[in-house]
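# Structure, please.
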Amino acid sequence: MNKVISAEQAAQLVRDGDVVTVSSSSGLGCPDKTLAALGSRFAQQGHPHSLTTLHPIAAGDMYGIRGIDHLARPGMLKKVLAGSYPSGPSSLPMPDIWRLIVEEKIAAYNLPSGVLFDMHRDAAARRPGVLTKVGLDTFVDPDRQGGAMNARAQSEPFVKKVSFAGEEWLFYPAIVPRVAILRATTADERGNLSYEHEGAFLGSLDQALAARNNGGVVIAQVKRVVRAGSLNPQLVHVPCTLVDHVVVDPEQMQTTQTAYDPAISGEIFRPDDSFELPAWGPEKVIARRAAQELAAGSAANLGFGISANVPRVLIEEGLHGEVTWVIEQGAVGGVPLLGFAFGCAANADAIIPSPNQFTYFQGGGFDVALLSFLQIDRAGNVNVSKLGAKPYLTAGCGGFVDITTHAAHIVFSGFFTAGAKLEVGHGQLKIRQEGKSQKLVDAVEHVTFSGTVARRRQQKIRYVTERCVLDLLEDGLVVREIAPGVDLRRDVLDQAAFPLRVDAQLKTMDAALFRDAPMGLRLKGRAGA
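Residues are numbered from 1 along each chain as shown. The predicted structure follows:
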């Protein structure tokens, strides 16, 4: 049976008040044509209205793949639960979805991506929801904001804190989707889906199961349709038993600003010298210092931002392959890509479904996480998820909360102040003009990472900046290292909004970090190896 229908016909299948789950990671794997048809139907007919949408990772970007913005129309959306939202620079217009959020037109929640995938698994198995430690004492905790991104969501609490077996847990109720909208590369006439041109599987299988097992509708957008039975069954990721309808879009983008790159989908392997090395400057200095935390043979998670440059530092140092990179979209190994293509990796050893990758992260199976920070406070808390003045500059928490919950070792990287004019070279750092705003603040706007919980769990926490390195200890933050050329009092202690302790054995950061030449990096030996 041929399941192909038009995008317009697919849009007619969504009813008023439905819960709709969408598989996407910004531009990666976004079923944009189907979402556009859904938005157009509402514009013309006023239906479907009052939708609740689920997005384990963001749907759409700010660079041409509108994703959730197709649905961001007053009256069409009632509630959104998302691991992340479209984000970008303040030089671009605010996405429509963020306008609905800040104007209190919808109830908007930001929940950990891994937990959202878990909620789909529990909905599929008809379990009540997710009982987990992920999110305790962060903005997801109901003792703080409960994941609410605006006042309307705050008035409709979602996350619950419960006691079970003598311990505190967070409970995230399962939400049953009636419609799942997926993306794949190829469908056969029966609806079997393969992903050979995709950079990730994401959570499409779990989302399809959640809708199918509860009597819902599964719609898959693909690039092409082939004869029934012609797909290799080992390459079918979502079987025909879970797919009701197929929408064809031969022009679907592989990811943001990328029509198709076979290296992203693992069809070809790029030469190591084809990867652009980080430009010389303070960001590279920070990435280099973060790289010094790595051990040979380890598995390291990477977050967006400065940390994403660390694999290229290792390439430049002749150490590529000494560390296996693992990212939340599902890539294992290879070289995670930068900028618009972040979330994809070239030359990966494997690409696994995102929900499985998050199980690995939530249980702390990897060795170290290299992440970024927007703000740090006196308790060691980190904010990466919300800046009230310009909310769409950050995407929300994404997988950050899942990753940091049980990570044994976390390295947060970022600039010490925002907007400073810095000069690096000749083995030292010069601060030509101090930043306009502090990033070490008395209290972060949003607690995406809890320093209090980290101390209780005895996690090893380090903060790397261009001018100093700090550690989180039982009695607060301590300055362990300082950059050559930097004045401790003027450039570090006086630029924090709270007192910093200084290690009695304060060290100077390696001068080689501040020279525009390979630094002779040597990785540590892996503990227990």
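# centre of the chain versus stretch 61-76, how much separation?
In terms of CA atoms, centre = their mean, to the nearest Å, the centre of stretch 61-76 is found 19 Å from the chain centre.
# Likewise for stretch 509-523?
Relative to its chain's centre, stretch 509-523 lies at 29 Å (CA atoms, centre = their mean).
# Check stretch 163-173 too.
Chain-centre distance of stretch 163-173: 25 Å, with CA atoms, centre = their mean.
# Ok, stretch 197-216 next?
With CA atoms, centre = their mean, you get 19 Å for stretch 197-216.
# Stretch 367-378 now?
14 Å.
# what about it, start to end distance?
26 Å (CA to CA, to the nearest Å).
# For it, the averaged confidence score.
What stretch 367-378 shows for mean pLDDT is 97.
# and what of stretch 279-293?
pLDDT averaged over stretch 279-293 gives 98.
# could you dump it to PDB, C-alpha only?
Provided in PDB are the C-alpha atoms of stretch 279-293 (Å, rounded to 0.1, in the frame of the first residue of the first chain):
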ATOM      1  CA  ALA A 279      41.600  31.000  14.300                       C
ATOM      2  CA  TRP A 280      44.200  32.500  16.600                       C
ATOM      3  CA  GLY A 281      42.700  34.500  19.400                       C
ATOM      4  CA  PRO A 282      41.500  34.200  23.000                       C
ATOM      5  CA  GLU A 283      38.800  31.600  22.200                       C
ATOM      6  CA  LYS A 284      41.500  29.300  20.900                       C
ATOM      7  CA  VAL A 285      43.500  29.900  24.100                       C
ATOM      8  CA  ILE A 286      40.500  28.800  26.200                       C
ATOM      9  CA  ALA A 287      39.900  25.700  24.000                       C
ATOM     10  CA  ARG A 288      43.600  24.800  24.400                       C
ATOM     11  CA  ARG A 289      43.400  25.100  28.200                       C
ATOM     12  CA  ALA A 290      40.300  22.900  28.200                       C
ATOM     13  CA  ALA A 291      42.100  20.400  26.100                       C
ATOM     14  CA  GLN A 292      44.700  20.000  28.800                       C
ATOM     15  CA  GLU A 293      42.000  18.400  31.000                       C
END
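# What are the contacting residues of it?
278, 306-307, 309-310, 312-314, 317, 368, 370, 409, 411, 413-415, 422, 424-425, 429, 462, 464-466, 469, 509-510, 513-514, 516, 519, 521, 524 (CB atoms under 8 Å, 6 or more residues apart in numbering). (C-beta placed from N, C-alpha, C; glycine too.)
# In helices, which of those residues fall?
Among the contacts of stretch 279-293, the members falling in helices (DSSP state H) are 310, 312-314.
# Would you tell me which one of the residues you listed comes nearest to residue 49?
Checking those against residue 49 by CB to CB gives residue 310 as the nearest, at 45.9 Å.
# measure residue 493 to residue 106 for me?
Computed as CB to CB, to the nearest Å, the residue 493 to residue 106 distance reads 44 Å.
# More neighbours: which of these two?
residue 106 (24 against 15; other CB atoms under 10 Å).
# List the contacts of that one.
77-80, 100, 152.
# Apart from its chain neighbours, what residue comes closest to the most centrally placed residue in the chain?
Against the mean C-alpha coordinate of the chain, by CA atoms, centre = their mean, the closest residue is residue 398 at 3.8 Å. Leaving aside its sequence neighbours, residue 398 sits nearest to residue 84 (CB to CB, 6 or more residues apart in numbering; 4.4 Å).
# Need the pLDDT of the one you found.
So, for residue 84, pLDDT stands at 97.
# please begin residue numbering at 769 from this point
Sure, I'll start counting at 769 from here, so that last one is residue 852.
# Wait, it touches residue 828, no?
No - taking contacts as CB atoms under 8 Å, residue 852 lies outside contact range of residue 828: 10.6 Å.
# Tell me how far the residue lying closest to residue 1182 once chain neighbours are set aside lies from residue 800.
The spatially closest residue to residue 1182, leaving aside those adjacent along the chain, is residue 1141, at 4.4 Å (CB to CB, 6+ apart). Distance of residue 1141 to residue 800, computed by CB to CB: 32 Å.
# and what of residue 1073?
From residue 1073 to residue 800 the distance is 26 Å (CB to CB).
# More neighbours: which of these two?
Using other CB under 10 Å, the more surrounded residue of residue 1073 and residue 800 is residue 800, with 26 against 20.
# pretty sure that one contacts residue 835?
Yes - the criterion here is CB under 8 Å, and residue 800 meets it with residue 835 at 6.2 Å.
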